[in-house]
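Enquirer: this one's sequence-less:
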């Protein structure tokens, strides 16, 4: 698993000009007094990871530009860039730029669409819809309050198992059909076994009846011959 190595901000919220934050280690702790900008670091990371603007404590993307909250933006643009380091040392850069009230997305210094940008984030295990990377205040409580089905859907998004949902449903239908066929064949085999047993019983009854009839016939013939010829079969 990789980690966030560098955070670069330019005219974003409380930072004027271009600022470099880092390099980070795999585990970091940011401390400071109230109003020192701790939350803005979270906002910067959230912004570049495609978090919704509403969760960054502003009403519009323009308010993220330094000075905009007091009506004096220092620039018409602002940006946040992160350097992500893979386990093998390979580095990837993700940038989100505010320009003309809209967001532009840049991956490895190449401008791409939002969907392609999100796809690249997913490749490093960050799922925007599932929000599996950033834990905001109240998030844990909201997850705990979710219904079981909602939590299941969330975990499927986080684990990325939702991409196998269609294949799972297809195999599930095959399994149910196989179970139904197996149940049908079991009952069919059971009925055949019962019919064979009944046929065997009937065969034994017929054999016994035939043997009895033969015995009666032989006895009758013996009786006739005995009376007439004193001869026994």
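Expert: Sure thing, it's come through. Model, not experiment: these values are computed from the prediction.
Enquirer: now the end-to-end length of stretch 141-153.
Expert: In stretch 141-153, first residue to last residue: 17 Å (C-alpha to C-alpha, to the nearest Å).
Enquirer: chain center to it, what's the gap?
Expert: Relative to its parent chain, stretch 141-153 has a centroid offset of 14 Å by C-alpha atoms, centre = their mean, to the nearest Å.
Enquirer: Give me the residues contacting it.
Expert: 154, 162 (C-beta atoms under 8 Å, 6 or more residues apart in numbering). Where you see a C-beta, it was placed from the backbone N, CA and C, and this is true even at glycine.
Enquirer: Next: stretch 90-110.
Expert: Taking C-beta under 8 Å, 6+ apart as the rule, stretch 90-110 contacts 5, 47-50, 60-62, 64-65, 76-86, 111-114, 116-117, 120-121, 124.
Enquirer: Kindly recompute the last result at 6 Å.
Expert: 47-48, 61-62, 77-85, 112, 114, 117, 120 (C-beta atoms under 6 Å, 6 or more residues apart in numbering).
Enquirer: Filter the residues you listed down to the buried ones.
Expert: Among the contacts of stretch 90-110, those buried by neighbour count (16 or more other C-beta atoms under 10 Å) are 47-48, 61-62, 78-85, 117, 120.
Enquirer: and the gap between residue 150 and residue 42?
Expert: 25 Å (C-beta to C-beta, to the nearest Å).
Enquirer: The two: who's more crowded?
Expert: residue 42 (18 against 11; other C-beta atoms under 10 Å).
Enquirer: Phi, psi for that one please.
Expert: phi -60, psi -40 (degrees, to the nearest 10).
Enquirer: taking the contacts of stretch 90-110 one by one, which sit in helices?
Expert: Counting by DSSP state H, the part of those found in helices is 47, 48, 114, 117, 120.
Enquirer: Next up, the contacts around the fourth one.
Expert: Meaning residue 117. 105, 107.
Enquirer: Helices of the protein, start to end?
Expert: 38-48, 114-123, 139-144, 148-159, 165-229.
Enquirer: Which segments of the chain make up each domain?
Expert: Using the TED database, the domain parsing of the chain gives 3-128, 136-160, 163-232.
Enquirer: what's the spacing between residue 32 and residue 80?
Expert: With C-beta to C-beta as the criterion, residue 32 and residue 80 are 19 Å apart.
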